[in-house]
Every structure is written in structure tokens, then in C-alpha cells.
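1. can't give you the sequence, but here's the structure:
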């Protein structure tokens, strides 16, 4: 596999190098992302939670190295909500 190939699986959110928190403690960003997953799971009950976590994690990786992190959980939730709505929309 070449170095340019996308990863076939994603590391857990805790492994994101942009998050620096003491072991056993979650950053505000991690907590907010967890809440976003919960809200998405409630909004899309027919979508397996693992699928939601995967999508959220994919979006989170897109923000690796972003200098301003305050709105990342909101942006991730918005993007995943739009993607899931398009997937389950009639005629999609």
C-alpha cells in the first residue's frame, strides 16, 4: 500500500494528535464530539451508531492541525447530519 493511500480504518478519537489532554481526561472538544454523536444517533435511529461514529471520526480527521478548534464539533455534526440526511432521503 502506498503512503498516499487513505487509511482503511481510523484510529480512535483519543489518538488524534491535535488533542492534548492528560491520560484519562477528555478535552472539551472530545466531550462535545461525544454529545454530537449522541444527538445524531437520536436524530437518525435507523443508522447504526458505529456508522455515525465512523462518519464523525472521518470529519474530525479533516480538522487535524486546525489552529482554531472552538467550532469543530459543531461543524462535524452539521456535515454528518447533512450526509446522513442525503443517504436516507427518499429517492437518494
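-> It's in. For clarity, every value in this text was computed on a predicted model and none was experimentally measured.
2. center of the chain - which residue?
-> When Cα atoms, centre = their mean is applied to the chain, the residue found nearest the centroid is residue 56 (1.9 Å).
3. Now do the strands in the protein.
-> With DSSP state E as the criterion, the chain has no strands.
4. Okay, now the unreliable bits of it?
-> Scanning the chain for pLDDT under 70 picks out 1-24, 90-92.
5. quick revisit: so what's the residue nearest to the centre of the chain up against?
-> By Cβ atoms under 8 Å, 6 or more residues apart in numbering, the residues touching residue 56 are 33, 36-37, 40, 76-77, 80. Backbone N, C-alpha and C define where each C-beta goes, glycine included.
6. would CSV of those residues with neighbour count and distance to residue 68 be doable?
-> Formatted as CSV, those follow (neighbours: other Cβ atoms under 10 Å; distance: Cβ to Cβ, whole Å):
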residue, neighbour count, distance to residue 68
33, 25, 16
36, 23, 18
37, 21, 22
40, 21, 23
76, 24, 14
77, 20, 17
80, 26, 20
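7. Those in helices, which ones?
-> Members of the contacts of residue 56 lying in helices (criterion: DSSP state H): 33, 36-37, 40, 76-77, 80.
8. Not including adjacent chain positions, what is the nearest residue to residue 47?
-> If the residues on either side of it in the chain are set aside, residue 47 comes closest to residue 84, at 5.9 Å by Cβ to Cβ, 6 or more residues apart in numbering.
9. Residue 43 touches residue 81, doesn't it?
-> Yes: assessed by Cβ atoms under 8 Å, residue 43 is found in contact with residue 81 at 6.9 Å.
10. what's the span of stretch 36-52 from first residue to last?
-> This stretch, stretch 36-52, spans 10 Å end to end (Cα to Cα, to the nearest Å).
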